[in-house]
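J.: sequence-free structure coming up:
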């Protein structure tokens, strides 16, 4: 059986490079901001508490107030138990052009899009925040919505190409 052709370098795969950079940034964000209260005390660093406090003071994000809404806590738990392991897997997988990347990134993209969009819908319903504060928070959640949608669509088209043998539909 012939060996598969060598993969193109990550530097030439611009979308995969974008995803790689995202996952490299996403992992510290999970553990230094989002998931700090859910982590065991031994894993909660002073630096993480300082970064999280800065975030809360800067953005007035009610999701990080105590207590957060139960559904938001579930979203953060998904970050710890799904996003973090997938992100750690995705970094070398993207570099090596692992053939399972589209399957995993499709699920990730859909989940990131839906959960981030739900957060933004909630943010814009807050009566006790100014439009400027809502825009500021949108600048943080919005890229997750956009990247999640882009990633999911990209992976749908990659998988479609593989499943249909890159044939055009009539």
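T.: Cool, the structure landed. Remember, it's a predicted structure, so these values are computed and weren't measured experimentally.

J.: so what's the most centrally placed residue in the chain up against?
T.: Against the mean C-alpha coordinate of the chain, by CA atoms, centre = their mean, the closest residue is residue 112 at 5.2 Å. When contacts are counted by CB atoms under 8 Å, 6 or more residues apart in numbering, residue 112 is found next to 83, 144-145, 147-148, 151. All C-beta spots, glycine's among them, are computed from the backbone N, C-alpha and C.

J.: could you dump the residues you listed to a markdown table with neighbour count?
T.: A markdown table is the format used below for the contacts of residue 112 (neighbours: other CB atoms under 10 Å):
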| residue | neighbour count |
| --- | --- |
| 83 | 24 |
| 144 | 19 |
| 145 | 19 |
| 147 | 19 |
| 148 | 21 |
| 151 | 22 |
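
J.: quick check: the two most widely separated of the residues you listed?
T.: Maximum pairwise distance among the contacts of residue 112 (CB to CB): 14.9 Å, between 83 and 145.

J.: between the contacts of residue 112, which is nearest residue 106?
T.: Checking the contacts of residue 112 against residue 106 by CB to CB gives residue 151 as the nearest, at 7.8 Å.

J.: and the closest one, what helix or strand is that in?
T.: In this structure, residue 151 sits in helix 131-163 according to DSSP states H and E.

J.: same deal with residue 107?
T.: For residue 107, the secondary-structure element it belongs to, assigned by DSSP H and E, is helix 101-123.

J.: okay, the angle between that helix and helix 131-163?
T.: Following axes from the mean of the first three to the mean of the last three CA atoms, to 10 degrees, one obtains 160 degrees for the angle between helix 101-123 and helix 131-163.

J.: in helix 101-123, which residues are buried?
T.: Burial within helix 101-123, assessed by neighbour count using 16 or more other CB atoms under 10 Å, is assigned to 101-102, 105-106, 108-113, 115-117, 119-120, 123.

J.: tell me the phi and psi of residue 100?
T.: Backbone dihedrals for residue 100, given as degrees, to the nearest 10, come out at phi -90, psi -10.

J.: could you measure from it over to residue 76?
T.: Residue 100 is 26 Å from residue 76, where distance means CB to CB, to the nearest Å.

J.: who's more crowded, those two?
T.: Set side by side, residue 100 and residue 76 show more neighbours around residue 76, with 21 against 10, by other CB atoms under 10 Å.
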